[in-house]
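Colleague: The sequence and its predicted three-dimensional model are supplied below.
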Amino acid sequence: MKLEYTFKSALKALLTHKSRSALTILGIVIGITAIMMIMSMGSGAENLILGELGSFGSELIAVMPGREPTGPTDFAEMMFSDSLKERDVEALKKKSNVPGLRDISPEVLVPGSVSYMGETFKPMIIGWNVEMLAELMDLYPEKGNLFDDNDIRTKASVAVIGSKVKEELFGAQDAVNKKIKIKNRNFRVVGVFEKRGIVSFLNVDESVLIPYTTAITYLRGTDYYSQLNIIATSPEVIDETVLDIERTLREMHGITDPEKDDFYVTTQEAMLEQIGTIIGILTMFLSAVVAISLIVGGIGIMNIMLVSVTERTREIGLRKALGATEGNILKQFLIESVMLTATGGAIGIAFGAGLSFLVSVALSKFAGLNWSFSFPLTAAIMGLGVSAFVGLIFGLYPAKKASQKSPIEALRYE
Amino acid sequence: MPLIKAENLSKTYYGDGVKTRALREVSFEIKEGEFVAIMGPSGSGKSTLLHILGFLDKHTKGKYVFNEKEFDDFSEEELAHLRNKKMGFVFQMFNLLRRTSVLDNVMLPLLYSDNKEEDWKKMAKDAIKLVGLEHRMDYDTSQLSGGEKQRVAIARALVNNPQVIFADEPTGNLDSKSGQNIMEILQDLHESGKHTILLITHETYTAEHAERIINFKDGKISSDKAVQCRHHAREHFEK
């Protein structure tokens, strides 16, 4: 039978039972929509995270306390580990130890809130070398200045605040040179950052930056750092600099067996890779869940095709009496089920793309994320392929059943 | 050589443990160009015979030779091809496709044929003209009367210009005037000399439009003779 007529008769058969056909493909539509959204959102999230990280520059090396985390308990250890101290920083600074180091800044996170004249706000309070941060993020104060090395050395009580913090505490007033309170200690505001939003996971607008020396001495009352951030002289020396850092720290901590390291070093590149892997695994896992929904949808297709074969027993008998071969009948029913699922797939692709576009608009408009919509072409092609394949697989049994009906049995069927 | 040759043809059904012998060692021959009526009460095996002769069913014993080739020597594919090219079927219940135009119904056998696609429409239209339904070409079959439906079925049986036309009680569901009209078409087809016609009926009057009547009873041939006083449908109309 010529293909054009096969398609025409398949279309006619499906349109005869419009609502039945529509309900049958609903499972496929939902499955493919979900796949499209997962793929689109996954690549959107990946782009966002990679973009954020990328803005930090590839010369950044971070040293974290504790063992390299391989499970949730390791993260806890990392939070409470006290292995990174000032003497480590001094040792790393020595050119003879780490020749590839250009700059280093410890990082100290301080939980708590800030207040000014009765107004209170809970920002992210971070002890840093603010000049290094400014250079890394290309981030400079809109008003006032940054604090400098001298402030760090003297453990000065100075702070640079984000635009949101300024707004919450001071409103329209000028903030520079005003005194804010952090944990009952007065800090003089020396600068206010320009409005910047989230950069590399740090919401600059809601941050308060103070000298790390001040943070560790007066606010935390401990002598260890949350993290050490190091800038290498160039991206080319990253690998050897990492080795130098590891060697120096092992020496300082008296560690001979690398297995027993109480710190770990990560680079921008390794982090990018890790995040890519995590998102990849997540996407695959979610897709596997969706695959189950496609199987369920396929069973629905099979069910309805079996009903259709039974209903059209007489038609099958007639076609056979008029000269249709088993192959003709098989093809006719297969085309019907593939047409059904491929239509479902196409609708799912349109829905999925539309929904992920809306979500991306919502995320960038209302959540302030730098989220870009990407139409997952591979997912679309795959979705169409998979849905057609589902039709083929689950249509095969009903089609085979139809083709094997004896013409006279089929004609006699009431 | 005869077109159709049956030798000790038997058909036994086994349904629900009950053995039913629908045909019992039936032998006869039909020559090319004959118009034969097969008569008998219901349950006499006449429909079973027609299904076997039309390759719609298989006999259980004996030999069936069509065009000098034995049934068992045909593959499934060849049987389908022969049904398409050499045979045309007209059923009591019309068996037209619903929600489908007259033209598309008549074209149906062509979809499975090896005729060129560009000829299909013309072939179908010619067949429809032959049964006098050219004014109903684009009608949906559900809009037609019983007699018109049967004429569509005849057009469909004719479209591939078959050697044999099998008509299974073609007038059974029609009023006498429509039935007469169908018989007229069948007789005209026969007289054109291109078709052998096998008609199944339980009415003696209808059967007497044929040249020869084979009578069936309990799965056996009870008589097989030429029609002495043949009815001519056209004359009947003119009376």
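Modeller: Good, I have the coordinates. Residues are numbered from 1 along each chain as shown, chains lettered A, B, ... in the order given.

Colleague: Return the residues of the stretch 201-350 of chain A in contact with chain B.
Modeller: Contact residues, the stretch 201-350 of chain A versus chain B (CB under 8 Å from any CB of the partner chain): A:314-315, A:318-326, A:328. Where you see a C-beta, it was placed from the backbone N, CA and C, and this is true even at glycine.

Colleague: what about 7 Å?
Modeller: A:314-315, A:318, A:320-326, A:328 (CB under 7 Å from any CB of the partner chain).

Colleague: Of those residues, which belong to helices?
Modeller: Mapping those onto helices (DSSP state H) picks out A:314-315, A:318, A:320-321, A:326, A:328.

Colleague: If you rank those residues by neighbours, which is first?
Modeller: Looking at these with neighbours defined as other CB atoms under 10 Å in any protein chain shown, the largest count falls to A:Lys320 at 29 neighbours.

Colleague: Based on its surroundings, how many neighbours for residue 32?
Modeller: All of this is about chain A. A:Ile32 has 33 neighbours, counted by other CB under 10 Å.

Colleague: wrong one, I was asking about chain B
Modeller: B:Glu32 has 14 nearby residues by other CB under 10 Å.

Colleague: and the spatially closest residue to it that is not a sequence neighbour, what are its phi and psi?
Modeller: Setting aside the residues directly before and after it, B:Glu32 is nearest to B:Leu3 in space (CB to CB, 6 or more residues apart in numbering or on different chains), at 4.4 Å. In terms of degrees, to the nearest 10, the main-chain angles of B:Leu3 are phi -70, psi -40.

Colleague: Might one say that B:Leu3 is in contact with B:Gly33?
Modeller: No - counting by CB atoms under 7 Å, B:Leu3 does not reach B:Gly33; the two are 8.3 Å apart.

Colleague: Tell me which of those two has more neighbours.
Modeller: B:Leu3 (18 against 14).

Colleague: That one and A:Asp223, how far apart?
Modeller: To A:Asp223, B:Leu3 is 110 Å away according to CB to CB, to the nearest Å.

Colleague: tell me which of the residues of the stretch 201-350 of chain A next to chain B is nearest to A:Ala156?
Modeller: Nearest to A:Ala156 among those: A:Asn328, at 89.0 Å, using CB to CB.

Colleague: Widest-spaced pair of the ones in helices among the residues of the stretch 201-350 of chain A next to chain B?
Modeller: A:Arg314 and A:Glu326 (17.3 Å).

Colleague: on that earlier part again, overlap in contacts, B:Leu3 and B:Gly33.
Modeller: B:Thr196 (CB atoms under 7 Å, 6 or more residues apart in numbering or on different chains).

Colleague: Next secondary structure element downstream of the helix or strand hosting A:Ile245?
Modeller: A:Ile245 is located in helix A:238-253, with elements delineated by DSSP states H and E. Next helix or strand after helix A:238-253 toward the C-terminus (DSSP H and E): strand A:263-267.

Colleague: Tell me which other helices or strands that next one touches.
Modeller: Judged by 3 or more CB pairs under 7 Å, 6 or more residues apart in numbering or on different chains; DSSP states H and E, strand A:263-267 is in contact with strand A:60-65, helix A:238-253.

Colleague: relative to helix A:313-321, how tilted is the next helix-or-strand element following it?
Modeller: Going down the chain from strand A:263-267, the next helix or strand is helix A:268-311, by DSSP H and E. Per axes from the mean of the first three to the mean of the last three CA atoms, to 10 degrees, the angle that helix A:268-311 makes with helix A:313-321 is 90 degrees.

Colleague: what's the angle between helix A:268-311 and helix A:238-253?
Modeller: With the same axes, to 10 degrees applied, the angle from helix A:268-311 to helix A:238-253 works out at 110 degrees.

Colleague: and helix A:268-311, what's its mean pLDDT?
Modeller: The pLDDT scores in helix A:268-311 average 86.

Colleague: Show me which residues of chain B sit near chain A.
Modeller: Neighbours of chain A within chain B, by CB under 7 Å from any CB: B:51, B:56-57, B:76-77, B:80-81, B:83-84, B:89, B:95, B:97, B:99, B:108-109, B:111-113, B:117.
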